[in-house]
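> Okay, structure incoming, though there's no sequence with it:
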């Protein structure tokens, strides 16, 4: 032990924290931790409240889960017999998403390869800004474009009686989901170490050979995640498909058929469904279905990316 | 002829092996094709914007912005919608910015590298992926009905706030992560607490980056339609043109995005230029706000001292 009196007196006392500083620190840390978990709380709350409103339909008089998934007869307001068959809506979502991804995935990955491997720095920054701008366009503006610009164009080119079709919606949704595919793909390509590229160059590979033989395999998981996130975006898109795909509840047989998606059905009918009616509750159940689909897709994308990181 | 050419490379020291004409040709084709793909993605933006402005030109004027719609929305301006969007955006900003910034502070400054942090990050990603119409259902179920707020600007702002939370969290996290760890260590060494360090050292150095996120949030919230459709936006509400304090937070309001939807799908015989002009105002606002955010980021990068 050191004898206190032997030590020289310090010139100034070491400042001590005031009591309320320590207490305040604890309070602020608690608040920060609370906000930190807010995302988890909200995700659960979304599922809980949407399911809470929709759960009543499961025991409803006219609703059966089997019919919901297998019947194409969607007659929620029929006088004679109410039927809730959502197969046509699921098919509509599938058709629009499928077509959109058939366009957006190759184009998005192609653009990402061009931006990250082929173009010079002077072109790179403006292109990235434009992609960001493309992502910023509100979905209702896209829907308006589908309605008033694409509609007559499609009627002209294909001689279709109406241009509000799966094709129209698919193109619009493709343009909407391209930015996220480009940016995630570009990240994936950037994550491939430069030593891979240098080694390939040393072996005499051209850029295209590097892209195909080196980068594509190395960035495979990241590119897959980009495609998955694009799918999630396309499935959840509401206003654009509501305005651009027409309003036909039927199984689409080709790109020039009108269709209706799950999201558009909720947006179109919720306003007219009486509060707490069976119809209203079934629309919430569709919301639960949509939430589950996008949750699964996002989870899969996250797991795929994590696979990259842990390797 | 087996050409031994120098491959365009970053490091000149590497000499090429044999590059055949075929592989060089494929290289050129691939480059051209990829360029075309990129162009096909970029051109629509320019064409669409140009077309929208061209069609909207006859209706665009200051009067259009400052007057109320007339004759069943077939004439007049968009003031109530413009003001409503402003209220909704400010409301959602007031709610989501503090929560989002503190959540990002938690993720970047407090959370360790463990399963719980991964779970939080996963929740943020999933929250960003929830379809906008599901947010609308949530807003209706939780705020309008369960909390009893009723359809109002407040309920719609809350819904928008939760929807845009991931934007703020992601960008703030990035801004905080860009502040070097040495800054924090120096501050701890002179006896500052964790929060004092964050408040006086980390945040001032990250504030511009955080601002870009907030601006992005504005652009996101201004453009959304589905989440406000059933939580607070109405087809029509009569307020005096040019009156800034026309709405009460518990009122319902019009919104630009909703207004565009209404006049382009629900109201027959609207003169063509009016929906185009509404679309241009909405698009112009969102793109201008975005450009501001991007400009700020570019400026920030040029200012970076460490």
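Perfect, thanks for sending it. Since the structure is predicted, the reported quantities are computational estimates derived from the model, not experimental observations.

> Can you name the residues of the stretch 201-306 of chain B that neighbour chain A?
B:219-220, B:222-226, B:229-230, B:257-258, B:260-261, B:264-265, B:275-276, B:279, B:282-283, B:286-287, B:290-291, B:294 (C-beta under 8 Å from any C-beta of the partner chain). (Glycine included, C-beta is placed from N, CA and C.)

> let's see 6 Å
Contact residues (C-beta under 6 Å from any C-beta of the partner chain) of the stretch 201-306 of chain B with chain A: B:219, B:223, B:225-226, B:230, B:257, B:260-261, B:264, B:279, B:283, B:286-287, B:290, B:294.

> In helices only, show me these.
Those of those mapping onto helices are B:219, B:223, B:226, B:257, B:260-261, B:279, B:283, B:286-287, B:290, B:294, per DSSP state H.

> which of those lies closest to chain A?
The shortest approach to chain A among those belongs to residue B:223, at 2.7 Å (C-beta to the nearest C-beta).

> do you know how far that closest one is from residue B:216?
In this structure, residue B:223 and residue B:216 are 11 Å apart, going by C-beta to C-beta, to the nearest Å.

> any idea which helix or strand carries the residue nearest to residue A:119 when sequence neighbours are not counted?
Nearest non-adjacent residue to residue A:119, counting by C-beta to C-beta, 6 or more residues apart in numbering or on different chains: residue A:127, 6.8 Å away. With elements taken from DSSP states H and E, the one containing residue A:127 is helix A:121-136.

> is chain B contacted by the following helix or strand past that helix?
Counting by DSSP H and E, the element after helix A:121-136 in chain order, helix or strand, is helix A:139-145. Yes. Helix A:139-145 reaches chain B (C-beta under 6 Å from any C-beta) through A:140-141, A:144-145.

> Dump these to JSON lines, plus distance to residue A:277 and neighbour count.
Supplementary listing: the residues of helix A:139-145 next to chain B in JSON lines, determined by distance: C-beta to C-beta, whole Å; neighbours: other C-beta atoms under 10 Å in any protein chain shown:
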{"residue": "A:140", "distance to residue A:277": "27", "neighbour count": "29"}
{"residue": "A:141", "distance to residue A:277": "33", "neighbour count": "26"}
{"residue": "A:144", "distance to residue A:277": "31", "neighbour count": "28"}
{"residue": "A:145", "distance to residue A:277": "35", "neighbour count": "25"}
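
> got the contact list for residue 177?
This is for chain A. By C-beta atoms under 6 Å, 6 or more residues apart in numbering or on different chains, the contact set of residue A:177 is A:104, A:230, A:233-234.

> looking at chain B here, not the other one
Taking C-beta under 6 Å, 6+ apart, we find residue B:177 in contact with residue B:108.

> can you check residue A:76 too?
residue A:279 are the contacts of residue A:76 under C-beta under 6 Å, 6+ apart.

> Let's check: the centremost residue of the chain is which one?
No chain specified, so I'll use chain A. For chain A, residue A:233 is the residue whose C-alpha lies nearest the centre (C-alpha atoms, centre = their mean; 2.7 Å).

> try again with chain B
residue B:220 (3.2 Å).

> correct me, but that one touches residue B:166?
No. Contact criterion C-beta atoms under 6 Å: residue B:220 and residue B:166 do not qualify, at 9.7 Å.

> Next, find the distance separating residue B:113 from chain A.
Using C-beta to the nearest C-beta, to the nearest Å, one obtains 12 Å as the distance from residue B:113 to chain A.

> residues touching that residue, list them.
Taking C-beta under 6 Å, 6+ apart, one finds nothing in contact with residue B:113.

> That one: which element?
Per DSSP H and E, there is no helix or strand for residue B:113.

> Low-confidence regions, the chain specifically.
All of this is about chain A. Counting by pLDDT under 70, chain A shows low-confidence ranges at A:1-15, A:308-311.

> my bad, the chain I had in mind was chain B
Those would be B:1-19, B:305-306, if you go by pLDDT under 70 across chain B.

> Could you list every helix and strand that the longest helix seen in it packs against?
The longest helix of chain B (DSSP H) is helix B:21-56. Contact here means 3 or more C-beta pairs under 6 Å, 6 or more residues apart in numbering or on different chains; DSSP states H and E; on that basis helix B:21-56 packs against helix A:87-113, helix A:207-209, helix B:273-303.

> C-terminal to it, what's the next element?
helix B:62-66.

> Can you give me the buried ones in that following helix?
Within helix B:62-66, the residues scored as buried using 16 or more other C-beta atoms under 10 Å in any protein chain shown are B:64-65.

> Kindly check the end-to-end length of stretch B:47-66 for me.
28 Å (C-alpha to C-alpha, to the nearest Å).

> From chain B, how far out is residue A:28?
5 Å.

> how close does residue A:111 sit to chain B?
Distance from residue A:111 to chain B, by C-beta to the nearest C-beta: 4 Å.

> Give the burial count for that residue, as a bare number.
When neighbours are defined as other C-beta atoms under 10 Å in any protein chain shown, residue A:111 has 28 of them.

> which one is it nearest to, not counting chain neighbours?
Leaving aside its sequence neighbours, residue A:111 sits nearest to residue B:38 (C-beta to C-beta, 6+ apart; 4.2 Å).

> Quick one: neighbours of residue B:265, just the number.
16.

> Identify the residue spatially nearest to it, adjacent ones excluded.
residue A:243 (6.1 Å).

> how deep is residue B:271 tucked in, by neighbour count?
Counted by other C-beta under 10 Å, the residues lying close to residue B:271 total 13.

> How about the secondary structure of it?
Put simply, residue B:271 is coil when judged by DSSP: H, G, I helix; E, B strand; the rest coil.
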